[in-house]
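Chemist: Kindly generate the corresponding structure for this input.
(one chain, ligands or ions: 2)
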Amino acid sequence: MKVLVTGGVGYIGSHTCVQMIEAGMTPVILDNLYNSKETVLDRVEKLTGVRPVFYKGDIRDRAFLDQVFAEQDIGSVIHFAGLKAVGESVEQPLKYYDNNVNGTLVLVEAMLAADVNSLIFSSSATVYGDPASVPIREDFPTSATNPYGRSKLMVEEILTDIHKAHPEMSITILRYFNPVGSHKSGELGEDPQGIPNNLMPFISQVAVGRREYLSVFGNDYPTVDGTGVRDYIHVVDLANGHLAALNHRGKTAGLHIYNLGTGNGYSVLQMVKAFSKASGVNIEYKIAPRRPGDIAECWADPAKAKSELQWQASHTLDDMTADTWRWQSQNPTGYPSK
Ligand code: NAD
Ligand code: UFG
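Modeler: Ligands and ions are numbered 1, 2, ... in the order given. Next up is the predicted model:
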């Protein structure tokens, strides 16, 4: 079976393609390279011996999508393509609604026209807003505090309506907690353009000497040490969650929603300490004001994915930090351009 992977050159998509190839699946990648480099495909080939078929183009281009579906015998779609910078989404909301919401509409229209009924969508724990309690279950109330989060929530709601109108479809919504880490080879990893928004890439760039120090956004939260607590999940565990979703739910009609998290929370300072241990580098940090929109703590109840997908995260915090450090130290400036 061929699986169309939109955004497959990106961070989570590239790791998922490697796991798919190793499991005997055939990913067909579609990406406009807005936030990724084609040299990622060299690394996927180096790791697996297979260079996936790659279409460079945009999910908002209906004629292009029709051509891909006509040329390839696609059974399912894993839809990673999207923009993900929260701050940028506040400044440029239209860009986010166009790319993330409109892009998904065009993609689903093309799927329906091509009789492709199975879709896995990358959502986010951000749809839980500021949760009333932790751990977070899938049936908790949803809300959004910024256009990025709202775009994910809108797509979830639109997919729910689409499923009502097309009950023959299998639509799986995966709500990721905080993806970190890298393929254990150090060949694949997270390569943010510009100043990283997220904690782990920022810490690793401090460790490798690209940034002077980490700003810790707030130390007065009601948490274990006052700093924000999140559910960090190794990207290879996350990738395997997509394979489990494809195998267990991708073939069953229905609308399915799963948290992909570990069920453990770590604070910013615990992450700094773990990364210092893995890298042997002292991570300089300064306490800074809280970042607007941040919540105190957030971690998953992953029980539903365990019972229905037979999936659970297996990588430890030490794996996450050691693998990130291997990627960052082997590729201090990220992927080569060509
Ligand atoms: P990424 O930016 O590394 O990968 C996304 C890929 O999609 C990039 O290669 C980009 O070039 C491509 N893309 C973007 N818009 C496109 C378009 N219109 N047409 C074709 N290709 C397009 O991001 P990632 O971290 O791999 O995230 C993948 C998905 O998971 C995104 O939808 C993101 O919102 C979601 N997600 C990510 C996180 C996270 O922290 N990384 C957390 C929750 C959810
Ligand atoms: N943090 C710092 N300094 C930094 C960056 C982050 O102290 O330079 C702190 C944050 O305040 C927070 C924690 O580290 O307490 C994690 O922050 P991230 O930006 O790495 O992750 P978030 O939980 O804020 O958000 C991430 C993605 C969102 C996604 C969400 C849930 O950025 O897109 O996880 O999946 F929606």
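
Chemist: beta partners of whichever residue of the stretch 151-300 of the chain sits closest to ligand 1?
Modeler: At 3.9 Å from ligand 1, Tyr176 is the closest residue in the stretch 151-300 of the chain, using C-beta to the nearest ligand atom. All C-beta spots, glycine's among them, are computed from the backbone N, C-alpha and C. Residues found in beta-bridge contact with Tyr176 (criterion: DSSP bridges) are Ser124, Leu260.

Chemist: any weak-confidence spans in the stretch 101-250 of the chain?
Modeler: Scanning the stretch 101-250 of the chain for pLDDT under 70 picks out no residues.

Chemist: Any part of stretch 98-115 near ligand 1?
Modeler: Yes. Under the criterion of C-beta under 6 Å from any ligand atom, stretch 98-115 makes contact with ligand 1 via 99, 103.

Chemist: So which residues make contact with that stretch?
Modeler: 6, 58-62, 65-66, 69-70, 74, 77, 79, 81-83, 117, 119, 121, 148, 151-152, 154-155, 158-159, 162, 166 (C-beta atoms under 8 Å, 6 or more residues apart in numbering).

Chemist: Enumerate every residue touching the residue in the chain that ligand 2 sits nearest to.
Modeler: Taking C-beta to the nearest ligand atom as the measure, the point where the chain comes nearest ligand 2 is Gly228, at 2.2 Å. Contacts here follow C-beta under 8 Å, 6+ apart; on that basis Gly228 touches 217-218, 221, 267-268, 294-297.

Chemist: before we move on, what about Phe140?
Modeler: Applying C-beta under 8 Å, 6+ apart, we find Phe140 in contact with 128, 131-132.

Chemist: Next, format those residues as JSON lines and append distance to Lys251.
Modeler: Written out in JSON lines, the entries for the contacts of Phe140 read as follows (distance: C-beta to C-beta, whole Å):
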{"residue": "Tyr128", "distance to Lys251": "28"}
{"residue": "Pro131", "distance to Lys251": "32"}
{"residue": "Ala132", "distance to Lys251": "35"}
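
Chemist: Going through the residues you listed, which ones are buried?
Modeler: Of all the contacts of Phe140 considered here, the ones buried according to neighbour count by 16 or more other C-beta atoms under 10 Å are 128, 131.

Chemist: and which of the contacts of Phe140 is nearest ligand 1?
Modeler: After measuring these against ligand 1 - C-beta to the nearest ligand atom - the closest member comes out as Tyr128, at 11.8 Å.

Chemist: Can you spell out which residues form a bridge with the closest one?
Modeler: On DSSP bridges, the residues paired with Tyr128 through beta bridges are Ser143.

Chemist: surely it meets Thr142?
Modeler: Yes. The pair Tyr128 and Thr142 passes the contact test of C-beta atoms under 8 Å, sitting 6.3 Å apart.

Chemist: Surely the residue of the stretch 151-300 of the chain closest to ligand 1 touches Tyr232?
Modeler: No. Between Tyr176 and Tyr232 there is no contact, the gap being 10.8 Å when judged by C-beta under 8 Å.

Chemist: Comparing those two, which shows the higher neighbour count?
Modeler: Neighbours per residue (other C-beta atoms under 10 Å) separate Tyr176 from Tyr232, with Tyr232 holding more: 26 against 21.
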